[in-house]
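**Student:** Sequence and predicted structure, then a few things I'm wondering about:
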Amino acid sequence: AQSVTQLDSQVPVFEEAPVELRCNYSSSVSVYLFWYVQYPNQGLQLLLKYLSGSTLVKGINGFEAEFNKSQTSFHLRKPSVHISDTAEYFCAVDFYGGSQGNLIFGKGTKLSVKP
Amino acid sequence: KAGVTQTPRYLIKTRGQQVTLSCSPISGHRSVSWYQQTPGQGLQFLFEYFSETQRNKGNFPGRFSGRQFSNSRSEMNVSTLELGDSALYLCASSLRSGRATGELFFGEGSRLTVL
């Protein structure tokens, strides 16, 4: 079955430090890739997406992600985090022809930014 | 432009009861998807409706059902509630169904507690 793995459930980091949140998916078929962010008591908001073209995509709030087809990964990065980036981040994959619905989500990574 | 609206935001039910949750998508969006979010399982796809037709369904028992009205508003129903149904139920809308941009716009969710 198709799956999305976020390797770290929690990532603590100090303010202004760089951060990388990792995401791997199970299949090498054609995919669309997404990162969503969820702030406390809110729904999910799209950070960025990869549909085609350049493998490095830039999103909102200074985040970027790189698609690596050979490693089936789509890691999220930010060079300098802020306290306001504290939230839960979800990687999501649209597997072409998948039967489980439009998007399959990873279990999330809680980013905690400390002063 | 109004976002995705879910009602009620919070509700408490007892085992054996049933519950109906409502979702109003962004104006012009014809696709509505429902997800269940729990700490242990993360985000799990329930079903998707497009133009009043169920397009996809996740691996949930028949106690979980949904429908979509001609104005694209959607409802989901859970009958014979179990303790394990306690979760945040998220609704997401998008312009199109299927493998389009895949971008989902989420509501803030309905938090269901089953006692």
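**Tutor:** In hand now; what should we look at? No experiment lies behind these values; they were computed from the predicted model shown.

**Student:** how about low-confidence regions in the chain?
**Tutor:** If you meant another chain, say so; for now it's chain A. Where chain A drops to pLDDT under 70, the residues are A:28, A:96-102.

**Student:** hm, I was asking about chain B
**Tutor:** In chain B (pLDDT under 70), the answer is B:1, B:97-102.

**Student:** Dead centre of it: give me the residue that sits there.
**Tutor:** Nearest to the mean C-alpha position of chain B, by C-alpha atoms, centre = their mean, lies B:W34 at 3.0 Å.

**Student:** Quick check: bridge partners of that residue?
**Tutor:** Beta-bridge pairing of B:W34 under DSSP bridges involves B:F47, B:C91.

**Student:** Quick check, it in contact with B:V78.
**Tutor:** No. Checked against C-beta atoms under 8 Å, the pair B:W34 and B:V78 is beyond contact range at 10.6 Å. Bear in mind the C-beta positions are built from the backbone N, C-alpha and C, glycine included.

**Student:** elements contacting the helix or strand containing B:V32?
**Tutor:** Following DSSP states H and E, one finds B:V32 within strand B:31-38. Secondary structure elements in contact with strand B:31-38, counted by 3 or more C-beta pairs under 8 Å, 6 or more residues apart in numbering or on different chains; DSSP states H and E, are strand B:42-50, strand B:74-78, strand B:87-94.

**Student:** for those, which one sits closest to B:Q18?
**Tutor:** strand B:74-78 (6.4 Å; C-beta to C-beta).

**Student:** who does that closest one pair up with?
**Tutor:** strand B:19-24 (antiparallel), strand B:64-68 (antiparallel).

**Student:** which of the helices and strands packed on strand B:31-38 is buried the deepest?
**Tutor:** strand B:87-94 (a mean of 24; mean count of other C-beta atoms under 10 Å in any protein chain shown).

**Student:** so who does the residue nearest to B:R63 when sequence neighbours are not counted touch?
**Tutor:** Spatially, and ignoring its direct neighbours in sequence, B:R63 is nearest to B:S79 (4.9 Å; C-beta to C-beta, 6 or more residues apart in numbering or on different chains). By C-beta atoms under 8 Å, 6 or more residues apart in numbering or on different chains, the residues touching B:S79 are B:Q18, B:R63, B:S65.

**Student:** What is the nearest of those to chain A?
**Tutor:** Closest approach between those and chain A, by C-beta to the nearest C-beta: B:S65, at 15.7 Å.

**Student:** Show me the beta-bridge partners of the closest one.
**Tutor:** Bridge pairing for B:S65 (DSSP bridges) gives the partners B:N77.

**Student:** tell me the contacts of it?
**Tutor:** Per C-beta under 8 Å, 6+ apart, neighbours of B:S65: B:M76, B:N77, B:V78, B:S79.

**Student:** my guess is the first one contacts B:Q54, does it?
**Tutor:** No. Taking C-beta under 8 Å as the contact criterion, B:M76 and B:Q54 are not neighbours in contact, 11.1 Å apart.

**Student:** and the gap between the residue nearest to B:R63 and chain A?
**Tutor:** Using C-beta to the nearest C-beta, to the nearest Å, B:S79 is found at 21 Å from chain A.

**Student:** what about the strands in chain A?
**Tutor:** Here chain A has its strands, by DSSP state E, at A:4-5, A:10-14, A:19-21, A:24-25, A:31-38, A:44-50, A:56-58, A:64-68, A:73-78, A:87-95, A:104-105, A:109-114.

**Student:** So which elements touch the first one?
**Tutor:** Spelled out, it's strand A:4-5. Using 3+ C-beta pairs under 8 Å, 6+ apart: strand A:4-5 touches strand A:24-25, strand A:87-95.
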